[in-house]
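*Asks:* with the input below, show me the fold.
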Amino acid sequence: MSEFAGLMWQTPWYGLTALAIGLPLLIHLLSEQRAKTVEFAASHLLSATPAKPRSELRLSQWLLLLLRILLLLMAALLLAQPHFATTQQPQAVYLVSADWLTQANEQEKTTLLRDLHGQSAILLDSPAAQPLTLQADDIQRYVPQPTVVTNVFAKLASHAQNLSQGSTMHVYVTNRAQFFSTTAFYLPHTVEWHILDLSHRMEQTRPYSLQLMLVTAEDRSLDAQFVKGALHALSLNARWQISLDERQAKTASDESLNNTIDAQDANVTLDAILWLSNQSLPPPILQQVNAGASLIIDAAQANTSQTWQANLPGLMGKFGGQQLGTRPSTELEAWHPNLAWQVLWLTDKQQPLLEHARFGNGHIWRFNSRFNPAWSDITKQASFALQLGEWVSNNALQGDAQALLNPQQIMQVESASEQQILQQISTPAAHLQSLHTWLWTLMAWLFCAERCVAAWRHSKNVLVVGTGRL
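*Replies:* Here you go, the predicted model:
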């Protein structure tokens, strides 16, 4: 959609059909040639008629030409589909989720009502096409409902299309991870988050204590930062006691790392190992996995450098990246020749993204990309910490409604550039008034006027012969 002359044009290129107005002009100029005089003998049969003023004929001719040009212009405008963009003042909209209303206490609801200043709120879970408004009584007397999983970011993007530019969205939600199962949407509005942290209200039914090891190559420090940040968020919100042992492999054949692991970890039981290195997996690590630990490995080298997307159910939702790779599994197959890999995630090009295999009593999760923005944007997911928690704890968090996010993970969303906003969210349709009805009405009137003028001009050109008509 383009803007021109104060109007929004849905198909502006069709406006070029207005050049067709040259056809009636050309026909008019050709008809302006001087008429030929034809003599015939029976002129006495013609009855005398008064001469018609030349100005009258020329006026009807120009009027007919103007009407036909206007008809062609109306047809070109209809094809270009113009809309009139109305100017609306920015507004403040309050969106409240059903889970927030269920979990909020009287004091928190009173604070919301004070912020509303008599204005009604909108139930975030309701359809944007038919939003459900909440008055003060509805908020105070809200009947708790069973938790329904709603994608908060998708709902915000849907409701945002009904708002004018520059509006502010006040969002009242809880920090349940299941409500943020995708990457954040870019919104052309200011979002004020009011997140109800449930971490102090929910009973911890399954406390965990995990012994983890993180091995990273010297050039993979950024990957390690994202992983450690996710583990830190998991320990804060899931209240797990995570003991992290960090090791660094300087080269792909660092024998000192093998010796260090062999000497220190012979009698240590690990729950999970995160192997972010190109180095081959040493026997002590494989022994830990065989005994029951989880092993998370990523791509050792890049095999594919092209944009890919993954649309996944559950926590992760939709994300993508630029590079995919693999890791040779020769050392794994040497321990278990019949290792069976199960593909859990596929990209839009049907390439395996996440694979799983049982290794003795343990599990291996092979992520065929990296935890690095240059490879994939999995770390930008609000639920990345929970997904990592599923891998290191053998799916202990899968489907857990008590899984929570740190409120900062929700609020710290990348700001959109102006170009990204224009590409992803166009002018809301609700703020555009179509001119189609007016154009069709005007075209019908012009057509009727053109027919009337043409009939009147034809009647003036009738020639009377004797008592008959020619």
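
*Asks:* tally of neighbours for Q387?
*Replies:* For Q387, the neighbour count with other C-beta atoms under 10 Å is 19. Heads up, the C-betas are built off the backbone N, CA and C, glycines and all.

*Asks:* quick one, phi psi at H170?
*Replies:* With angles defined as degrees, to the nearest 10, H170 sits at phi -100, psi 110.

*Asks:* I'd say it and E192 touch.
*Replies:* Yes: at 4.7 Å, H170 counts as touching E192 under the criterion of C-beta atoms under 8 Å.

*Asks:* so which of the two has more stuff around it?
*Replies:* H170 (18 against 14).

*Asks:* what's near enough to touch the more buried one?
*Replies:* Going by C-beta atoms under 8 Å, 6 or more residues apart in numbering, H170 touches A92, V93, Y94, L95, D115, E192, H194.

*Asks:* of these, which is the nearest to A291?
*Replies:* For the contacts of H170, the minimum distance to A291 (C-beta to C-beta) is 46.8 Å, reached by H194.

*Asks:* list the residues that contact that closest one.
*Replies:* H194 touches L112, H170, V171, Y172, V173, counting by C-beta under 8 Å, 6+ apart.

*Asks:* surely the first one is in a helix?
*Replies:* In other words, L112. Yes: counting by DSSP: H, G, I helix; E, B strand; the rest coil, L112 is part of a helix.

*Asks:* please report how far W341 lies from N290.
*Replies:* Distance of W341 to N290, given as C-beta to C-beta, to the nearest Å: 17 Å.

*Asks:* same deal with V453?
*Replies:* Noted for V453: a distance of 95 Å to N290, by C-beta to C-beta.

*Asks:* related to what we said a few turns ago, and the contacts of H170, which of them are buried?
*Replies:* By neighbour count, with 16 or more other C-beta atoms under 10 Å, the contacts of H170 hold V93, Y94, L95, H194 as buried.

*Asks:* gap between the nearest residue to the third one once chain neighbours are set aside and H356?
*Replies:* In space, L95 comes closest to L124 once its chain neighbours are excluded; the distance is 4.4 Å by C-beta to C-beta, 6 or more residues apart in numbering. With distances taken as C-beta to C-beta, L124 is found 35 Å from H356.

*Asks:* of these two, who's got more company?
*Replies:* Taking neighbours as other C-beta under 10 Å, L124 and H356 compare with L124 leading, 27 against 16.

*Asks:* tell me the contacts of that one?
*Replies:* Going by C-beta under 8 Å, 6+ apart, L124 touches L95, V96, S97, A98, T150, V152, K155, L156, H159, V171, Y172, V173.

*Asks:* and for L346?
*Replies:* L346 makes contact with A310, P352, L353 under the criterion C-beta under 8 Å, 6+ apart.

*Asks:* doesn't the first one fall inside a helix?
*Replies:* Right, the one you point to is A310. No: looking at A310 with three-state DSSP, it is strand, so not inside a helix.

*Asks:* oh, and call the first residue 478 from now on, that's how I've got it
*Replies:* Let's use 478 as the start, then, which means that last one is A787.

*Asks:* check whether it really touches L830, as I assumed.
*Replies:* Yes: at 5.6 Å, A787 counts as touching L830 under the criterion of C-beta under 8 Å.

*Asks:* now do the shared contacts for these two.
*Replies:* Jointly contacting A787 and L830 under the rule C-beta under 8 Å, 6+ apart are W822, L823, T824.

*Asks:* which single one of those is nearest to Q725?
*Replies:* For the shared contacts of A787 and L830, the nearest to Q725 is W822 (28.4 Å; C-beta to C-beta).

*Asks:* count the neighbours of the closest one for me.
*Replies:* Here the number of neighbours of W822 (other C-beta under 10 Å) works out to 17.

*Asks:* bridged to it, which residues?
*Replies:* Counting by DSSP bridges, W822 is bridged to L831.

*Asks:* noted, bye for now.
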